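Participant: test case, fold it:
(one chain, ligands or ions: 3)
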Amino acid sequence: MSNRQELLSAAAHTLSRAGDIALCGHVMPDGDCLGSMLALGLALRRMGKNVYLFSPDPVPNQYATLLPGAAGVAVEVPGEYAPEVFVSVDCSVPARLGRFKALMDSSKKIIIVDHHAGGFNFGHIYLNEPSAAAAGELVYELIDLLPVEMDADMAFCLYVAINTDTGSFRYDGVGSHTHRITARLLEKGIPAGYANKKIYEEKPRVCLQVLGEVLKTLDLSRCGRIAWMHLDRKTLHGLNARDEHADGVTNYPRMIEGVELALFFRQLEDGSYKVSFRSKYFLDVNKLASRFKGGGHLRAAGCVMNGELAEIKRQVVDAALIALEEEGTDERHY
Ligand code: AMP
Ligand code: MN
Ligand code: MN
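Facilitator: Ligands and ions are numbered 1, 2, ... in the order given. You can find the predicted model right below:
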């Protein structure tokens, strides 16, 4: 049995024996952590478990209205509660559990379900498969081992998880296994077309206003291979927008011909800057972001930095130029 199978079995065994289970995703939740968490939560509830769903930041409106069960996700840490089993979903480092890290520490057993590159073990059962395109793939395999039939609601949540983390099945991590799992989900009769419209074709108007402002800040390195943009709180508040309204703008500069790396510097509520890294053909951005105490995947990563925006930009762009030099210039990595 492969390690992945052994860990999946161990996780299924632990979950089957537990009475109450807490599930938690990462800060600034995305479709993968929410969809994965909700699907697993539905399966465990079907098994008669007491399930608690947590998110360190509120569920973005887009997902709150799309995903079944999203209204049951709590953002506050309950007092006097120590979970029997705590499952961390789509989270590479404990810090990304935000205020729920202490809840995890109070639990008897910790299961990690993740697919990030370079994550480290902070649980008792550490299921981290960077070859999975989304945590949703692993949750699909986990539910398969539980004594419960996958229903349409669970399948829909997993479809959203996998679809969003792969940019609609476009990114490098997508493999035949991704499509095989997705085919099984579609066989449950889920409204996939509806989900795609809601995810990609329909946004509040303010999202386009934020995009417009952010695009005005677009800048390119002299070599034309790095593009970056920024967003500060003043601009965000001036548009009456929230953080979630800027989700997705990160990818735009990457589509410029010749650009290998796109960077997005967005200011958070506490004044620090979240830096998002997106590469196109070859640059390992997990490695690059880890130089600034962040991480992620080969083609999408992030970190948080403190200081003046101009200085943060300079540090990151300088490091990126060196990384580009080191990793070569051939864009045709297919
Ligand atoms: P984002 O730019 O927020 O969409 O993040 C891209 C990828 O990098 C996601 O898979 C995140 O989980 C990961 N990531 C983002 N920020 C951090 C961070 N501060 N530390 C570790 N991983 C991160
Ligand atoms: Mn995620
Ligand atoms: Mn993910």
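Participant: what residues sit buried inside stretch 205-221?
Facilitator: Cys207, Gln209, Val210, Leu211, Glu213, Val214, Ser221 (16 or more other CB atoms under 10 Å). Backbone N, C-alpha and C define where each C-beta goes, glycine included.
Participant: and the gap between the third one and ligand 2?
Facilitator: When distances are taken as CB to the ion, to the nearest Å, Val210 and ligand 2 turn out to be 20 Å apart.
Participant: surely that residue meets Met229?
Facilitator: No. Applying CB atoms under 8 Å, one finds Val210 not in contact with Met229, separated by 11.0 Å.
Participant: per-domain residue ranges of this protein.
Facilitator: Following automatic domain parsing, the chain resolves into domains at 3-200, 205-327.
Participant: report the rounded mean pLDDT for the last one.
Facilitator: What it means is domain 205-327. Domain 205-327 shows a mean pLDDT of 97.
Participant: from His116, how far off is the residue of the stretch 151-300 of the chain found nearest ligand 3?
Facilitator: Nearest residue of the stretch 151-300 of the chain to ligand 3 (CB to the ion) works out as Asp165 at 4.4 Å. From Asp165 across to His116, the span is 11 Å (CB to CB, to the nearest Å).
Participant: and the two? which has more neighbours close in?
Facilitator: Taking other CB atoms under 10 Å, Asp165 and His116 do not tie; Asp165 has more neighbours (27 against 23).
Participant: can you pull the contacts of the more buried one?
Facilitator: By CB atoms under 8 Å, 6 or more residues apart in numbering, the contact list for Asp165 reads Asp30, Gly31, Asp32, Ala133, Ala134, Ala135, Gly136, Tyr171.
Participant: what's the local residue count around the residue lying closest to Leu127 once chain neighbours are set aside?
Facilitator: Counting by CB to CB, 6 or more residues apart in numbering, the nearest residue to Leu127 once its immediate chain neighbours are dropped is Leu7, at 4.3 Å. Neighbours of Leu7 under the rule other CB under 10 Å: 21.
Participant: residues in contact with the strand or helix carrying Leu7: which ones?
Facilitator: If you go by DSSP states H and E, Leu7 is part of helix 3-17. Contacts to helix 3-17, defined as CB under 8 Å, 6+ apart, come from residues 1, 21, 44, 47, 49, 85, 87, 109, 111, 113, 125-127, 129, 138, 141-142, 145-147.
Participant: export only the CA atoms of that helix, formatted as CSV.
Facilitator: The C-alpha coordinates for helix 3-17 follow below in CSV (Å, rounded to 0.1, in the frame of the first residue of the first chain):
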residue,chain,number,x,y,z
ASN,A,3,1.9,6.0,1.8
ARG,A,4,-1.0,8.0,0.5
GLN,A,5,-3.3,5.1,0.8
GLU,A,6,-2.1,4.3,4.3
LEU,A,7,-2.6,7.8,5.4
LEU,A,8,-6.0,8.0,3.9
SER,A,9,-7.0,4.8,5.6
ALA,A,10,-5.6,6.0,8.9
ALA,A,11,-7.6,9.3,8.6
ALA,A,12,-10.8,7.4,7.6
HIS,A,13,-10.3,5.1,10.6
THR,A,14,-9.8,7.9,13.1
LEU,A,15,-12.8,9.9,11.7
SER,A,16,-15.0,6.8,11.8
ARG,A,17,-14.3,6.2,15.5
